[in-house]
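> Below is the sequence, then the predicted model.
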Amino acid sequence: VIIVGSLDTGPIRVNGQAVCMGFPSSYDIPGGGRITYDSHGMLVDQATHIWDRKVVRMDLPLGVTMEVFRWKNYVDFRLTMTPQPNQDGCCGNFDGNAADDTSRQVMERGAGRIGNGDNMFNHRTHIEWTDVEEKLLKLCPQNRVAEAEQFAADCGAQDSIAWKACKLDICFGNNEHALRMTKELGL
């Protein structure tokens, strides 16, 4: 188990052991793979160019590479991999056709939510709905409200937070940088 969190959450851990305590540093993963911790990596979000980079690169089996950009209280990450059999998920199905990877199509294929038996993490994180998200829902363009309501019903949301999250996907899912937008709106 590899744990990489924000800078506030402590060290990088592999099977409970703190690794890559220096900067820069690297660690060979038992069983295959390598972790490199340095300042090299193409940013996921260009808005973060103002901060010093703390990048964890994991070269893993099966051609999987994950880069995690550790910021003070959050992370950005990039996952690069070769196609896997029956691959599908929130980011699409890797068939080279972006047109079939809209939020609606992903949800219709059942790829947008992770079933209890398929979660690769130790537990599900409790999600708190914020005032900013509530304000964003109220700013949903009128021409998208009905579509957002239908999408939330179709995506099988089990609770009010999942319902609202489904609606936000339709209202603002195509916004390349929702955080910047919310700040510009003063939220």
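Thanks, I have it.
> Can you list the residue ranges for helices in this structure?
103-108, 131-138, 142-154, 160-172, 178-184 (DSSP state H).
> contacting residues for Val64?
If you count contacts by CB atoms under 8 Å, 6 or more residues apart in numbering, Val64 has them with Met58, Leu79, Thr80, Met81, Thr82. C-beta: built from backbone N, CA, C; applies to glycine.
> do the same with Ile29
Neighbouring residues of Ile29 by CB under 8 Å, 6+ apart: Ile2, Val14, Ile35, Met58, Leu60.
> and Asn86, how many neighbours?
By the other CB atoms under 10 Å criterion, the neighbourhood of Asn86 contains 6 residues.
> Equivalent analysis for Ser39, please.
By the other CB under 10 Å criterion, the neighbourhood of Ser39 contains 10 residues.
> Might you report the residue contacts of it?
Counting by CB under 8 Å, 6+ apart, Ser39 has contacts Pro24, Asp52, Arg53, Lys54, Val55.
> Would you mind measuring from the closest residue to the second one other than its chain neighbours to Val75?
The one in question is Asp52. Leaving aside its sequence neighbours, Asp52 sits nearest to Ser39 (CB to CB, 6 or more residues apart in numbering; 6.8 Å). The gap separating Ser39 from Val75 is 15 Å, by CB to CB, to the nearest Å.
> what does Gln87 give?
When distance is defined by CB to CB, Gln87 is 23 Å away from Val75.
> Ok, Ala98 next?
Ala98 sits at a distance of 25 Å from Val75 (criterion: CB to CB).
> Would you mind measuring the gap between the ends of stretch 15-22?
When the termini of stretch 15-22 are compared using CA to CA, to the nearest Å, they are 18 Å apart.
> who touches it?
The list of residues contacting stretch 15-22 from outside it, by CB under 8 Å, 6+ apart, reads Val1, Gly10, Pro11, Ile12, Arg13, Ser26, Tyr27, Pro30, Ile35, Thr36, Tyr37, Val56.
> Serialize the contacts of Val64 to JSON lines and add fields for pLDDT.
Compiled in JSON lines, those are given as follows (pLDDT from 0 to 100):
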{"residue": "Met58", "pLDDT": "97"}
{"residue": "Leu79", "pLDDT": "89"}
{"residue": "Thr80", "pLDDT": "90"}
{"residue": "Met81", "pLDDT": "87"}
{"residue": "Thr82", "pLDDT": "87"}
